[in-house]
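Peer 1: Sequence below, structure please.
(chains A and B)
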Amino acid sequence: MNEKKTFWKHLQAWVDGEEVILDADKYIVSRPKREKSDWRSHFTMEYVKEHRKLYMFLSIAISVLFIGIMLGVVNGLPEFGNPHNPANNEVMERYLESGIEETGATNFVAGMILDYRAFDTFAEANVLFLAVMCAVILLKKDSKNYCAQEEQEKYEDNIFDEREKKPILQMGGKVLAPLVILYGIYVILNGHLSPGGGFSGGSIIGAGLILYASAYGQKKMRTFFTFRTFTAISVGCLLTYCACKTYSFFTGANHVGFAIPKGTPGDILSGGFILPLNICVGLIVACTMYGFFALFTKGDI
Amino acid sequence: MNHLGTNFYEAASVILFGIGFMNLLLQNNLIKKFIGLNIMDTAVYLFLAAKGYISGRVAPILTDGIIDASHYINPVPAGLVLTGIVVAVSITAFSLALVQRLYKHYGTLNMDEIMRLSREEEGE
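Peer 2: Numbers count the residues shown, from 1 in each chain, chains lettered A, B, ... in the order given. Next comes the predicted model:
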């Protein structure tokens, strides 16, 4: 059926209703495959990646286009610093005006994140814990994650660390680490009264621990901070947080009383559960920071 | 609606975001890619902090016993920035741990090299 039909034959066949190719399968197999010649076929990701300059040009163009579009959006946003912007709505007024009597914290942000939105902060602490657990799974040296060469290198590193004298770092660590940790404790304990709180204070404590560990080595850290203490503190703090918030949500939602006394705003023992929650979050963050440092440098806590 | 002149904090954050995105696309080194990702995170914090600011007001911490919403800036974006920082730290640590494992396996940090080597491994 490969002979060319004229227009008249076509029409005749169409009128007769017999536009049927007799051996269609054979025809389909034998017909020449149409060459795909449109630009999309060779303008693929591989082609772009191979031509480095084109790739660079395209990525810069995309980024500049993106910046341009977003600058257009910024142009249409409400004015910076205007008190009548839609973002400054009744939620903010509620937090600022009744925050003191409802949470007892003079730091409105602490009252917000640890009382009104405590569930969100609990999830944040969980995210940190999950991240450090992922790092433990990926980096901790154990029977499955073992490599003889690395073990040898680690051994040599340890010998080198012990021989090397680091007087400036050790003196600095000796003087500064307790001060840094003390300052972190201050920031955590005053989280509901002044700027700061669990996250910032916890990272300061973590920095102090990292300073001490880098001055005196992992071995000395192990005398008071092992993997067991790390897991115990993290899990214990998460559970304490969960228990505290469950209690206050349960009693608050069911109006059964037994609410935690708020105390006088401005005192160190005020703000209901905010102080213990800050301590929990701070301990988790400190452990996490030090855990990341230890896992990334030595592969063990 | 022409506030590009007054909204320069937002404009700067948008430009930073674009720079971070460009970094993410152009760098071949994985660690530099994650530096680009962190620049994008920082741009988001700057944007949120700029959204919460109200000119002439003080930080949301009780000062002089004034309990009045028209004396303090908006505390909500501060909480959002805190969430953002925590998530960014976690993501960075997780991705760097993955990069360390990749480096141990392939011996390179170059993205294209890693893709090529992994394809070769699969082909065998």
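
Peer 1: what sits against the nearest residue to residue A:281 once chain neighbours are set aside?
Peer 2: Spatial nearest neighbour of residue A:281, excluding adjacent residues (CB to CB, 6 or more residues apart in numbering or on different chains): residue A:198 at 2.9 Å. From N, CA and C alone the C-beta is placed, and that goes for glycine too. Contact analysis of residue A:198 by CB atoms under 8 Å, 6 or more residues apart in numbering or on different chains lists A:114, A:188, A:191, A:277-282, A:284-285.

Peer 1: switch to 7 Å and redo it
Peer 2: Contact analysis of residue A:198 by CB atoms under 7 Å, 6 or more residues apart in numbering or on different chains lists A:188, A:191, A:278, A:281-282, A:285.

Peer 1: For whatever helix or strand residue A:126 lives in, which outside residues touch it?
Peer 2: Per DSSP states H and E: residue A:126 is located in helix A:118-139. Helix A:118-139 has contacts (CB under 7 Å, 6+ apart) with A:113-114, A:234, A:238, A:241-242, A:245, A:277, A:281, A:284-285, A:288, A:291-292, A:295-296, A:299, B:83, B:86-87, B:90, B:93-94, B:97-98, B:100-101.

Peer 1: Same check on stretch A:222-230?
Peer 2: A:287, A:291, A:301.

Peer 1: Quickly note the distance from residue A:301 to residue A:294.
Peer 2: 5 Å (CB to CB, to the nearest Å).

Peer 1: sorry, back to before: can you list the contacts of residue A:198 in CSV and add neighbour count, pLDDT and secondary structure?
Peer 2: Output for these, formatted as CSV (neighbours: other CB atoms under 10 Å in any protein chain shown; pLDDT from 0 to 100; DSSP: H, G, I helix; E, B strand; the rest coil):
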residue, neighbour count, pLDDT, secondary structure
A:188, 26, 93, helix
A:191, 29, 88, coil
A:278, 29, 92, helix
A:281, 28, 93, helix
A:282, 28, 94, helix
A:285, 29, 94, helix
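
Peer 1: of all those, which two lie farthest apart?
Peer 2: Maximum pairwise distance in the contacts of residue A:198, criterion CB to CB, is 11.7 Å, between A:191 and A:285.

Peer 1: Could you say which helix or strand holds the residue nearest to residue A:213 when sequence neighbours are not counted?
Peer 2: Distances taken as CB to CB, 6+ apart place residue A:221 nearest to residue A:213, at 4.7 Å, with adjacent residues excluded. When elements are assigned from DSSP H and E, residue A:221 belongs to helix A:198-222.

Peer 1: So what's the residue count around residue 76?
Peer 2: Just so you know, I chose chain A. 11 (other CB atoms under 10 Å in any protein chain shown).

Peer 1: nope, chain B please
Peer 2: Using other CB under 10 Å, residue B:76 is surrounded by 24 other residues.

Peer 1: list the contacts for residue A:259?
Peer 2: Applying CB under 7 Å, 6+ apart, the residues near residue A:259 are A:251-252.

Peer 1: same thing but at 6 Å, please
Peer 2: If you count contacts by CB atoms under 6 Å, 6 or more residues apart in numbering or on different chains, residue A:259 has none.

Peer 1: Next one: it from chain B, what distance?
Peer 2: Residue A:259 sits 21 Å away from chain B, going by CB to the nearest CB, to the nearest Å.

Peer 1: neighbours around residue B:39, how many?
Peer 2: Using other CB under 10 Å: residue B:39 sits among 18 other residues.

Peer 1: cool, residue A:252 as well?
Peer 2: 13.

Peer 1: Nearest spatial neighbour of it, chain-adjacent residues omitted?
Peer 2: Per CB to CB, 6+ apart, closest to residue A:252 is residue A:259, 7.0 Å.

Peer 1: helix/strand/coil for the one you found?
Peer 2: coil (DSSP: H, G, I helix; E, B strand; the rest coil).

Peer 1: So residue B:60 sits against residue A:106, correct?
Peer 2: No: using CB atoms under 6 Å, residue B:60 is not in contact with residue A:106; the gap is 9.8 Å.

Peer 1: the more surrounded of the two?
Peer 2: Taking other CB under 10 Å, residue B:60 and residue A:106 do not tie; residue B:60 has more neighbours (27 against 23).

Peer 1: which residues does that one contact?
Peer 2: A:108-109, B:72, B:75.

Peer 1: Looking at it now. What's its pLDDT?
Peer 2: Residue B:60 is assigned a predicted lDDT (pLDDT) of 87.

Peer 1: now residue A:45
Peer 2: 72.

Peer 1: now do residue A:65
Peer 2: The predicted local confidence for residue A:65 is 95.

Peer 1: which secondary structure element contains it?
Peer 2: Per DSSP H and E, the secondary structure element for residue A:65 is helix A:52-76.

Peer 1: Just list what that helix packs against, helices and strands only.
Peer 2: Contact analysis of helix A:52-76 by 3 or more CB pairs under 6 Å, 6 or more residues apart in numbering or on different chains; DSSP states H and E lists helix B:8-26 as its packing neighbours.

Peer 1: what stretches of chain A score poorly on pLDDT?
Peer 2: A:1-5, A:18-24, A:33-43 (pLDDT under 70).

Peer 1: What about the residue lying closest to residue A:85 once chain neighbours are set aside, how many residues nearby?
Peer 2: In space, and not counting its chain neighbours, residue A:85 is closest to residue A:78: 4.5 Å by CB to CB, 6+ apart. By other CB under 10 Å, 16 other residues sit near residue A:78.

Peer 1: give me phi/psi at residue A:98?
Peer 2: Reported as degrees, to the nearest 10, the phi and psi values for residue A:98 are phi -110, psi 10.

Peer 1: what's the answer for residue A:81, then?
Peer 2: According to degrees, to the nearest 10, residue A:81 has phi 80, psi 10.

Peer 1: near chain A, which residues of chain B?
Peer 2: B:1, B:3-4, B:6-7, B:10-11, B:14-15, B:18, B:21-22, B:25-26, B:51, B:53-55, B:60-62, B:67, B:69, B:72, B:74-76, B:78-79, B:83, B:86, B:90, B:93-94, B:97, B:101 (CB under 6 Å from any CB of the partner chain).

Peer 1: Quick one: buried ones out of the residues you listed?
Peer 2: Buried members of these, counted by 16 or more other CB atoms under 10 Å in any protein chain shown: B:3, B:6-7, B:10-11, B:14-15, B:18, B:21-22, B:25, B:51, B:53-54, B:60-62, B:69, B:72, B:74-76, B:78-79, B:83, B:86, B:90, B:93-94, B:97.
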